[in-house]
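[1] Pasting a predicted model and its sequence here:
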Amino acid sequence: MRKSAAVLCGAAVVMAGSLTAVPADASTPHPAAAASAAKVTWKKCGTTRYPTLQCGSVKVPLDYRHPSGKKITLALSRVPHTAKTYQGPLLVNPGGPGGSGLSLAGFVASSLPKGVAAQYDVIGFDPRGVGRSSPALACKPGSFKPVRPDSVPNTPAIENANLSRAKSFAAACGKKYAGVLPHINTVNAATDMDAIRRALGAKKINYFGYSYGTYLGAVYAKLFPERVRRLVLDSIVDPTGVWYKDNIRQDYAFEGRQLAFVAWIAKHDSTYKLGTDPAKIEAKWYAMRAALAKKPAGGKVGASELEDTFIPGGYYDGYWPYLAQAFAAYANDKKTGPLVEAYDNFAAVGASGDNGYSVYTSVQCRDASWPRDWRQWRKDNWAVYAKAPFMTWNNAWYNAPCAFWPVSSKRPANVANGKLPPVLLFQATDDAATPYEGGVTVHGLLRNSSLVVEQGGGNHGITLSGNACLDKHLATYLTNGKVPRGHGVADAVCQRLPEPKPLSAAASASAASPSGAMRGAALHDLVRFRG
């Protein structure tokens with residue numbers, strides 16, 4: 001999906017009108033929001049990569065309507081400021097929902113210019129239900145254990161097998177966390193952020209969110225506009241589509257990214273030997289998928305797992321050389337080892353993944369209404385699949401528990417806001433996880449915002465990932481609050497980074513995983529979470 005920064009200038013006006021009214025609990029803070037909070041006790045928890053990291057926690061009400069009732073614990077991390085000039089706490093979130101933010105604090109503090117990072121306490125946090133926060137959700141561990149049924153429900157048996165998985169996951173969540181699920185949602189997570197602010201002793205916070213973290217930040221700003229000092233949103237969720245419509249929009253966008261991937265392979269035929277015609281390369285990919293549906297590679301990479309493995313390539317093109325290598329090894333020589341290794345590196349779900357998926361579903365299923373009649377899902381997804389087969393049904397089954405969720409849904413917040421200081425937005429034109437239209441829409445909804453566009457960029461999460469033009473705007477804003485001001489839909493435009501190069505023979509032989517081997521991989525390991 002290639003769209004220039006100027007093409008969608010009318011989108012904000014058109015789509016803003018489709019927002020629902022703001023629910024009461026998303027327009028005014030809960031009574032507990034004004035209560036006092038205990039200060040955070042910080043302890044050293046540095047790692048080799050982030051040696052100055054500190055850890056702490058804060059207790060918040062499970063139910064903000066009953067602030068004296070049951071408490072839950074939020075895990076926090078901090079890289080403290082070192083400069084004489086102190087600009088307050090900078091809360092960071094990697095998205096999801098369900099992503100852990102503890103390591104992101106270290107990443108952001110070490111990736112910003114030293115003089116900028118030194119002026120902030122960079123604060124990471126695990127939102128309620130996530131990671132080291134307590135309770136941490138794990139509805140049905142092992143739900144993604146391979147080999148799963150084929151995602152494309154070509155037969156009633158395949159469809160029923162996938163429906164059974166979705167229903168059993170939703171039922172397990174309801175049985176295990178009946179008292180918790182009603183309180184796992186974006187509004188409560190945003191209210192938790194204000195509890196963190198109070199525990200830090202700050203009158204205002206600075207906030208930097210990626211992906212779903214942009215929606216979380218926008219909801220916080222709606223609830224507590226007077227508490228926002230600076231607000232950075234990177235790769236922006238469209239709040240007019242949460243969450244059913246947004247996920248369908250993703251399917252079309254990821255189709256474009258997969259086509260860009262096979263076109264890239266065609267350019268490097270001397271390396272991958274898969275041909276120079278992208279359409280024929282795509283056909284070979286689907287032939288590989290069909291073969292794996294019958295005989296999974298290594299006994300664990302079937303058709304669904306293959307999709308899981310290649311979807312991250314839609315988030316970040318730095319993964320393309322590794323995915324292309326595995327694809328070529330199988331398609332040309334029927335070698336399964338590289339494919340299994342790619343699955344292990346990019347798609348295998350461990351305990352943290354079980355936790356992340358449990359929170360993802362809990363938040364998305366509670367945040368907004370979903371069709372409860374499976375016939376609607378079937379109709380919609382077959383229609384999308386006809387045009388965008390790469391991810392459609394995989395994405396549908398990932399979200400399918402919401403059709404059977406044991407807790408009723410709320411209405412999404414109208415994040416339109418004219419009460420904020422200057423806000424800085426970043427969006428790539430070819431982002432698949434949060435398509436470009438969302439950035440344009442939010443730019444229109446946040447009256448004092450400035451939109452920086454990465455023209456032609458397809459990665460999800462674009463600042464602090466190697467683009468000096470983008471990072472200059474970010475550093476300037478965090479230093480002095482200044483944002484670019486333009487006359488079109490985009491206030492500033494940066495060119496995309498160059499496409500990746502194929503791995504050298506030496507690198508491919510020695511690389512057990514992509515960590516550290518690719519530009520921006522550290523960030524995209526944190527933000528590639530769905531949503």
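    Nice, thanks for sending it over. Residues are numbered from 1 along each chain as shown.

[2] Surely L53 touches A105?
    Yes: taking contacts as C-beta atoms under 8 Å, L53 lies within contact range of A105: 6.8 Å. Where C-beta positions appear, they are placed from N, C-alpha and C, glycine not excepted.

[3] Of those two, give the one with the bigger neighbour count.
    Neighbour comparison, L53 and A105: the larger count goes to A105, with 26 against 23 (by other C-beta atoms under 10 Å).

[4] the strands in this protein, which residues?
    43-44, 54-61, 71-79, 89-93, 121-125, 205-210, 228-234, 423-428, 449-455, 492-495 (DSSP state E).

[5] now the ones you listed in CSV, with mean pLDDT?
    Formatted as CSV, these follow (pLDDT from 0 to 100):
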stretch, mean pLDDT
strand 43-44, 98
strand 54-61, 98
strand 71-79, 98
strand 89-93, 98
strand 121-125, 98
strand 205-210, 98
strand 228-234, 98
strand 423-428, 98
strand 449-455, 98
strand 492-495, 98
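
[6] How far off centre is the longest helix along the chain?
    Using DSSP state H to assign secondary structure, the helix with the most residues in the chain is helix 244-267. Distance of helix 244-267 from the chain centroid (C-alpha atoms, centre = their mean, to the nearest Å) equals 16 Å.

[7] State the mean pLDDT of it.
    Averaged across helix 244-267, pLDDT comes to 98.

[8] From the contact counts, what lies against it?
    Contacts defined by 3 or more C-beta pairs under 8 Å, 6 or more residues apart in numbering; DSSP states H and E place helix 244-267 against helix 278-294, helix 312-315, helix 320-333, helix 374-385, helix 392-399.

[9] Of all the strands of the chain, which one is nearest Q250?
    Shortest distance between Q250 and the strands of the chain, using C-beta to C-beta, is found for strand 423-428: 14.1 Å.

[10] I would like the residues contacting the closest one, please.
    Strand 423-428 has contacts (C-beta atoms under 8 Å, 6 or more residues apart in numbering) with 221, 230-236, 434, 436, 438-440, 442-443, 446, 448-454, 456-460, 462-463, 470, 473-474, 477, 483, 496.

[11] Select only the buried ones of those residues in PyMOL?
    PyMOL command restricting these to the buried ones, with burial defined by 16 or more other C-beta atoms under 10 Å:
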select buried, resi 221+230+231+232+233+234+235+236+434+436+438+439+440+442+443+446+449+450+451+452+453+454+456+457+458+459+460+462+463+470+473+474+477+483+496
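
[12] Now render the helices and strands packed on helix 244-267 as JSON lines, adding mean neighbour count, mean pLDDT and distance to Q87.
    As requested, the helices and strands packed on helix 244-267 are exported to JSON lines (neighbours: other C-beta atoms under 10 Å; pLDDT from 0 to 100; distance: least, C-beta to C-beta, whole Å):
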{"stretch": "helix 278-294", "mean neighbour count": "16", "mean pLDDT": "98", "distance to Q87": "48"}
{"stretch": "helix 312-315", "mean neighbour count": "25", "mean pLDDT": "97", "distance to Q87": "31"}
{"stretch": "helix 320-333", "mean neighbour count": "22", "mean pLDDT": "98", "distance to Q87": "38"}
{"stretch": "helix 374-385", "mean neighbour count": "16", "mean pLDDT": "98", "distance to Q87": "45"}
{"stretch": "helix 392-399", "mean neighbour count": "24", "mean pLDDT": "98", "distance to Q87": "39"}
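
[13] who's the residue lying closest to W42 once chain neighbours are set aside bridged to?
    Once flanking residues are discounted, W42 sits nearest to Q54: 4.3 Å by C-beta to C-beta, 6 or more residues apart in numbering. Following DSSP bridges, Q54 is listed with bridge partners K44, R78.

[14] now Q54: how far from S77?
    From Q54 over to S77 the distance is 7 Å, taken as C-beta to C-beta, to the nearest Å.

[15] who has more neighbours, the two?
    Between Q54 and S77, counted using other C-beta under 10 Å, S77 has the larger neighbour count: 26 against 20.

[16] Enumerate every residue touching the more buried one.
    Neighbours of S77 in contact, by C-beta under 8 Å, 6+ apart: 45, 53-56, 101-103, 105-106, 123-125.

[17] Quick one, which of these are buried?
    Among the contacts of S77, the ones that count as buried by 16+ other C-beta under 10 Å are L53, Q54, C55, G56, G101, L102, S103, A105, G106, I123, G124, F125.

[18] thought the fifth one was touching V92?
    When you say that, I think you mean G101. Yes: contact criterion C-beta under 8 Å: G101 and V92 qualify, at 5.9 Å.

[19] Show me the common contact partners of these two, please.
    By C-beta under 8 Å, 6+ apart, G101 and V92 have these common neighbours: G124.

[20] How about the contacts made by the closest residue to K145 other than its chain neighbours?
    The shortest distance from K145 to any non-neighbouring residue, by C-beta to C-beta, 6+ apart, is to V349 (7.9 Å). Contacts for V349 (C-beta under 8 Å, 6+ apart) come out as S143, F144, K145, Y357.

[21] how close does the last one sit to V440?
    Spelled out, it's Y357. 30 Å.

[22] Might you list the low-confidence residue ranges for the stretch 401-531 of the chain?
    For the stretch 401-531 of the chain, the stretches with pLDDT under 70 are 505-519, 528-531.

[23] Mind jotting down where the helices sit in it?
    All helices of the stretch 401-531 of the chain, identified by DSSP state H, counting those that start in this stretch, fall at 436-445, 468-480, 505-510, 521-527.
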